[in-house]
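Trainee: Got a sequence here, can you build the structure:
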Amino acid sequence: MTAPKPPFIGLTGAIASGKSAALAALDELGAATLSTDAVTHELLGARTTVERLVERWGPDVGTDGRIDRQKVGEIVFAERDELAWLESILHPLVGERVASWRSALPTATPVAVVEVPLLFEAGMEAIFDGTLVVLAGDERRAAWLSERGDRAAEGRSGRQLSEQDKAGRATWVVMNDGTLDDLKRNLEALWPELVSVRAEP
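Mentor: This next block holds a predicted model:
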């Protein structure tokens, strides 16, 4: 008899809502966690990826075998066709990495959580047993973006659903409008539901 897979949860939220902080807190609680942003960054550093990007956009985007992510961001968030081209390269590779990671999880894993910034926008909710949205509020998110000095945020935000739309599609919503400890407590309260959701075979 095949051992059941751990519940598979997709974590998302609007830009600067605290998705990474929530993922880290879930890791502390005992979840197996993976960030697709981190996977993408790793893939962007691969030699074959660097070569393809330099071939398309010129040597300014990559020097000494390393990608200048800021320049890449400026290109793809200004030109949707270029973003679509980049995603056509990266998304299948990210999908393979997530599937490989999930299949290698120990059977005793209480829950597996993958952070996907554009989860609903990409129509990926069906692959998860449940979805969790981090909700922070527009004012809090704007303040965090200002602190980060994120110049590419406007382009990225234009591709995202609103916080309210994301929350309306989610299985669970966790508030992140207080301190980091508040977020951790909110996730701890939600933990029994996350680990008990029925995993797909």
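Trainee: Run a quick neighbour tally on the nearest residue to His91 once chain neighbours are set aside.
Mentor: Nearest in space to His91, with sequence neighbours left out and distances taken as CB to CB, 6 or more residues apart in numbering, is Ala122 at 7.9 Å. (C-beta placed from N, C-alpha, C; glycine too.) Using other CB atoms under 10 Å, Ala122 has 12 neighbouring residues.
Trainee: show me what contacts the residue most central in space within the chain?
Mentor: Central residue of the chain (CA atoms, centre = their mean): Val116, 2.6 Å from the mean position. By CB atoms under 8 Å, 6 or more residues apart in numbering, the contact set of Val116 is 10-12, 36, 122, 124.
Trainee: Give me the buried subset of these.
Mentor: Buried members of these, counted by 16 or more other CB atoms under 10 Å: 10-12, 36, 124.
Trainee: Of those residues, which pair is most distant in space?
Mentor: Farthest-apart pair in the buried ones among the contacts of Val116 is Leu11 and Met124; separation 11.6 Å (CB to CB).
Trainee: so which strand or helix has Glu121?
Mentor: Assigned by DSSP states H and E, Glu121 falls within no helix or strand.
Trainee: Ok, Val133 next?
Mentor: strand 130-135.
Trainee: Name the residues of the helix or strand that that strand is followed by that are buried.
Mentor: Remark: after strand 130-135, the chain's next helix or strand is helix 138-148, criterion DSSP H and E. By neighbour count on 16+ other CB under 10 Å, the buried set for helix 138-148 is 140-141, 144-145.
Trainee: Same question for stretch 24-42.
Mentor: Buried residues in stretch 24-42, defined by neighbour count with 16+ other CB under 10 Å: 24-26, 29, 31-36, 39-40.
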